[in-house]
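Trainee: Got a predicted structure here, sequence first:
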Amino acid sequence: MRDAFSAAFDRGMAIVASVLVVALLVCVSLGVVTREAGSPLIWTHELSRFLMVWLAVFGWVLASRKQLHVRIRYFQDLLPQRAHKLVEIAIQSALTLFGVLVAIYSIGLVAKNRDLEATSMPLSMAWMYAPLVLAGIVTAAQGALEVARAIRAPRVVAPQVEIE
């Protein structure tokens, strides 16, 4: 059941990220075309900022879920098995704490900006920070899951991604 939920969540995040890429491309293209035509739509610049933040956050969530963030493990891999495991638990615990802090501070940012309206659109500036709450929660949950895996596993080995 958890694997089905996890797969559905990842698929949903990928779909949202794809929609955001297309929306950002359309928005920026519309801004360029209307500016070149001599009648710029001023809201395209601000909307593209919102879309870029949302896209970055959804990319962050996807990378966290697939453990694709940049990580240099050279020195950790040189450690004996027990020390390797303890370092992995410490790293993932720090990641969990980071996610909790991002979620907490993001909730504050959303609340502080709720009444502030965007300059060129009838949209609350809280929407600029809203996706960070999700990213913090997902990062904290993923970190906690990785701590549990590290505790259970004899030796934690992060997936290797080769760059061509």
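Mentor: Right, received. Where do you want to start?
Trainee: Let me know the secondary structure of the residue lying farthest from the centre of the chain.
Mentor: In the chain, Gly38 marks the outermost C-alpha relative to the chain mean, sitting 36.6 Å out by C-alpha atoms, centre = their mean. Under DSSP: H, G, I helix; E, B strand; the rest coil, Gly38 falls in the coil class.
Trainee: How about the residue positioned nearest the centre of the chain: what's its closest non-neighbour residue?
Mentor: Among the residues of the chain, the one closest to the centroid is Trp60, at 2.4 Å (C-alpha atoms, centre = their mean). What sits nearest to Trp60 in space, not counting adjacent residues and going by C-beta to C-beta, 6 or more residues apart in numbering, is Ala135, at 5.3 Å. Backbone N, C-alpha and C define where each C-beta goes, glycine included.
Trainee: So which other helices or strands are in contact with the strand or helix carrying that neighbour?
Mentor: Per DSSP states H and E, Ala135 falls inside helix 126-152. When contacts are defined as 3 or more C-beta pairs under 8 Å, 6 or more residues apart in numbering; DSSP states H and E, helix 126-152 sits against helix 43-65, helix 81-113.
Trainee: since we're on the residue nearest to Trp60, how many residues are nearby?
Mentor: 20 (other C-beta atoms under 10 Å).
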